[in-house]
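> got a sequence here, can you model it:
(2 chains)
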Amino acid sequence: MTTTATPTQSASDAQVANYNPKSESSTAKRAKSALFHVVAIALTAVVLYPGLWMIASSFKPNAEIGGTNTSLWSSNFSFDNFVTAMDGIGGVSTLQFFTNSLILAVGAVVGTILSASVSAYAFARIKFPGRSLFFGMMIATLLLPFHVVIIPQYIVFQQLGLVDTYVPLLIGKFLAADAFFVFLMVQFMRNLPGELDEAARIDGAGHVRIFTSIMLPLMKPALISTSIFSFIWSWNDFLGPLLYLNTPEKYPLPLALRLFVDQTQSSDYGAMIAMSVLALLPVLIFFLVFQRYIVEGVSTQGLKG
Amino acid sequence: VTQSPTLSRRSAHSDSTLPRKSRQRGADARAGYTFLLPWLLGFIALTLGPMISSLYLSFTNYNLFDPPKWIGLDNYTTMFQDERFLQSVGVTVGYVVFGTPLKLAAALAVAMLLNSARKGQGFYRSAFYAPSLIGASVSIAIVWKAMFGDSGPVDQGLSFFGINIGGWVGNPSMTMPMFILLTVWQFGAPMVIFLAGLKQIPADLYEAASMDGAGPVRKFFNITWPMLSPVVFFNLLMETIHAFQIFSSAYIISNGEGGPAGSTLFYTLYLYLRGFSDFRMGYASAMAWLLLIVVGILTLIIFRTSKSWVHYSGDAK
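Have a look, this model is predicted:
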């Protein structure tokens, strides 16, 4: 069933190809591949358009953003919007907001790595009564709408005088409250051979040694995806800071952005969009640097963005 | 307690070591709870405790300053006479019912397209995934609002084709499509998961089907869909639960008010406004529990019906 294709035959060749892929002619193959790339590139353009529009607008003067000039390019590109955006809002510089976001995100990463890895070790490697019950509960919290707990949590933190501090935003990270990461690490550890700990036990190692010198080094991929995602989630978090922080000096970027929107009331579109770009910049850099980890993490562990 | 659990190398699994085994079991139990401590504390203090107290609060009138007053089921019954509440239910259900299937359909279609590619798959996969990472951020909400505003790029683009809707943001009947587009735009995360699932389907199934003369449609329904159904199930469950909880974008786009004409008053936004701007904490708790119950029932339904349409590879099929 070899087909020697002439261009006029290629349509019927494609039909034949459906029935036996091995006989696909190279012309049909190339046509198919070209068609794929045309469709995929068109789709890429649509998907990336909002991002490109945002970046282009951040360099444009206000008058051109909502104006009749619909092209992404402008001859008046300048950094003016970024200069305005860096001034900050409410007497607080944007650098301060950046620092705040960074403190919260780094705190989230450290807390999550410490608490989730330890708890996951218990679930994955130690047999103790009640383990499967707690594991079931942990899975259930994966599906639990966050809003069910925010009101009592707020009341408690308010009574403890911890509102307008970072404690309510960080304590959950140090107590493995993001069940997703615990689950991810449990799954990862369960795939590590059990002979490893058995051998270590026979050699007299306790759980602490097994955890620190065998498990942690082997868990590097899981620790990296956890760090990346907990950083990005904390960086983008809006509801937590909205609930707990009142003074602009303590605001992270998303909250500062809201303040910016409120106060300028869209009068300075350019600066607003420039600040949005600045707020996303670390996430975009993370994505470019770690995209393989991120996308692999999603495809193997079902992580959400 | 730090003494080594075993003394001889060989006896780890032999039956002659029962006393030591039970000692080992005790040590394991202690170690287990010690390692689990962070999660356990968090679970009790940040999840279980708050859940129970929000259940209690849902039967009270509580404004954060005076002690809670028991009012029985009043919060739950007045909800259904509260027009804003009913509106928020309508908005959210519309968003979940239209947004989630559209997003998943887009995700599956693009995953199948990419799966057929020989080159460039990695690039497209990353490019399509990017919106999922930033879609729920305040920055993107601001951009969305600007893009769909009066004479924004979307308005201008449509005008080019002779469609003059004007700004979507200020038009109560266009805000929902705008939010649905925002969620569909983030099809990348489920797409990546679908793609991983598609790669697991053995190629010889398709080859055998081709031999039997099956076309692409039959191949889809007889091979792709059943083989992929566990992944569809996972994505459907996660995306549905996720969709119910949309908050930041709604808050930013509507300036925290749910307007225009309540068309963006998502359930969680209304819950937030009741609790933290009207200080009706009891009412907000009742709303939270209703959400929990509805999400729980939906999860159960998805799980139950999954028996009839999800095929696991362990099945005889």
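> quick one: stretch B:52-70 to chain centroid distance?
With Cα atoms, centre = their mean, to the nearest Å as the basis, stretch B:52-70 stands 28 Å off its chain's centre.
> can you list the low-confidence ranges for the stretch 1-150 of chain A?
Applying pLDDT under 70 to the stretch 1-150 of chain A picks out residues A:1-24, A:66-70.
> what is the neighbour count of the closest residue to chain B within it?
Residue nearest to chain B within the stretch 1-150 of chain A: residue A:128 (2.9 Å; Cβ to the nearest Cβ). Bear in mind the C-beta positions are built from the backbone N, C-alpha and C, glycine included. Using other Cβ atoms under 10 Å in any protein chain shown, the number of residues around residue A:128 comes to 20.
> okay, buried residues for the helix or strand hosting residue B:206 please.
Per DSSP states H and E, residue B:206 falls inside helix B:203-211. The neighbour-count check on helix B:203-211 (16 or more other Cβ atoms under 10 Å in any protein chain shown) flags B:206, B:209, B:210 as buried.
> chain A next: which of the residues you listed are close?
residue B:210 (Cβ under 8 Å from any Cβ of the partner chain).
> just the buried residues of helix B:203-211 now: which is nearest residue A:85?
Residue A:85 has its nearest neighbour among those in residue B:206, at 52.5 Å by Cβ to Cβ.
> distance check, the residue in the stretch 101-250 of chain B that chain A sits nearest to against residue A:294.
Relative to chain A, the nearest point of the stretch 101-250 of chain B is residue B:132 (3.2 Å; Cβ to the nearest Cβ). Distance from residue B:132 to residue A:294, counting by Cβ to Cβ, to the nearest Å: 10 Å.
> which residue is the nearest non-sequential neighbour of residue A:256?
residue A:97 (4.1 Å; Cβ to Cβ, 6 or more residues apart in numbering or on different chains).
> could you do residue A:240 as well?
Excluding its sequence neighbours, the residue lying closest to residue A:240 (Cβ to Cβ, 6+ apart) is residue A:169, at 5.0 Å.
> same deal with residue B:287?
residue B:271 (4.6 Å).
> I'd say that neighbour and residue B:284 touch.
Yes. Using Cβ atoms under 8 Å, residue B:271 is in contact with residue B:284, at 5.2 Å.
> can you give me the neighbour number for the residue nearest to residue A:240?
Neighbour tally, residue A:169, other Cβ under 10 Å: 23.
> pretty sure residue A:157 is in a helix, no?
Yes. Membership of residue A:157 in a helix is supported by DSSP: H, G, I helix; E, B strand; the rest coil.
> residue B:303 is in what secondary structure piece?
Short version, using DSSP H and E: residue B:303 is in helix B:281-309.
> that helix packs against which elements?
Where contact means 3 or more Cβ pairs under 8 Å, 6 or more residues apart in numbering or on different chains; DSSP states H and E, helix B:281-309 is packed against helix A:147-159, helix B:49-57, helix B:74-79, helix B:225-244, helix B:267-276.
> so which bits of it are buried?
Neighbour counts over helix B:281-309 (16+ other Cβ under 10 Å) mark B:281-292, B:294-295, B:298, B:306 as buried.
> do the same with stretch A:255-268
A:255, A:256, A:257, A:258, A:259, A:260, A:261, A:268.
> enumerate every residue touching the first one.
Contact partners of residue A:255, counting by Cβ atoms under 8 Å, 6 or more residues apart in numbering or on different chains, are A:238, A:241, A:242, A:245.
> distance check, it against residue B:136.
15 Å.
> with the fourth one instead?
Between residue A:258 and residue B:136 the distance is 14 Å, computed by Cβ to Cβ.
> now do residue B:11, the pLDDT please.
pLDDT recorded at residue B:11 is 42.
> please apply the same query to the one 10 residues further on.
Predicted confidence (pLDDT) for residue B:21: 70.
> please, which helix or strand holds it?
Per DSSP H and E, residue B:21 falls inside helix B:18-42.
> now the buried residues of stretch A:255-268 as JSON lines including pLDDT and secondary structure?
Shown next, in JSON lines, are the buried residues of stretch A:255-268 (pLDDT from 0 to 100; DSSP: H, G, I helix; E, B strand; the rest coil):
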{"residue": "A:255", "pLDDT": "95", "secondary structure": "helix"}
{"residue": "A:256", "pLDDT": "93", "secondary structure": "helix"}
{"residue": "A:257", "pLDDT": "93", "secondary structure": "helix"}
{"residue": "A:258", "pLDDT": "92", "secondary structure": "helix"}
{"residue": "A:259", "pLDDT": "90", "secondary structure": "helix"}
{"residue": "A:260", "pLDDT": "88", "secondary structure": "helix"}
{"residue": "A:261", "pLDDT": "85", "secondary structure": "helix"}
{"residue": "A:268", "pLDDT": "78", "secondary structure": "coil"}
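> of these, closest to chain B?
residue A:257 (4.7 Å).
> correct me if wrong: that closest one contacts residue B:143.
No. Judged on Cβ under 8 Å, residue A:257 makes no contact with residue B:143 at a distance of 11.0 Å.
> who touches both of the two?
Listed as contacting both residue A:257 and residue B:143 by Cβ under 8 Å, 6+ apart are residue A:276.
> residue B:45: neighbour count?
16.
> helix, strand or coil for it?
Here residue B:45 is recorded as helix under three-state DSSP.
> quick check: it touching residue A:175?
Yes. Taking contacts as Cβ under 8 Å, residue B:45 lies within contact range of residue A:175: 7.1 Å.
> spatially central residue for chain B, please.
residue B:242 (2.1 Å; Cα atoms, centre = their mean).
> so for it, what's the pLDDT?
Reported pLDDT for residue B:242: 91.
> same check, this time on residue A:267
Predicted confidence (pLDDT) for residue A:267: 67.
> quick check: residue A:148 vs residue B:293, distance?
For residue A:148 relative to residue B:293 (Cβ to Cβ), the value is 10 Å.
> then residue A:46?
Distance of residue A:46 to residue B:293, given as Cβ to Cβ: 38 Å.
> any low-confidence regions in the stretch 151-300 of chain A?
Filtered on pLDDT under 70, the stretch 151-300 of chain A yields the residue ranges A:265-267.
> output the below-cut-off pLDDT ranges for chain B.
In chain B (pLDDT under 70), the answer is B:1-20, B:313-317.
> run the last query once more with 80
Filtered on pLDDT under 80, chain B yields the residue ranges B:1-24, B:117-118, B:151, B:312-317.
> so for stretch B:180-188, what gets flagged as buried?
Neighbour-count burial for stretch B:180-188 [16+ other Cβ under 10 Å]: B:180, B:181, B:182, B:183, B:184, B:185, B:186, B:187, B:188.
> contacting residues around that stretch?
Contacts for stretch B:180-188 (Cβ under 8 Å, 6+ apart): A:47, A:50, A:305, B:95, B:98-100, B:102-104, B:106-107, B:110, B:128-132, B:135-136, B:140, B:144, B:243, B:246, B:249.
> quick one, helices of the stretch 101-250 of chain A?
Secondary structure of the stretch 101-250 of chain A (DSSP state H, counting those that start in this stretch): helices at A:131-143, A:147-159, A:167-174, A:179-190, A:195-202, A:207-209, A:216-218, A:220-236, A:239-244.
> other SSEs contacting the last one?
Which is helix A:239-244. Counting by 3+ Cβ pairs under 8 Å, 6+ apart, helix A:239-244 packs on helix A:147-159, helix A:167-174, helix A:253-264.
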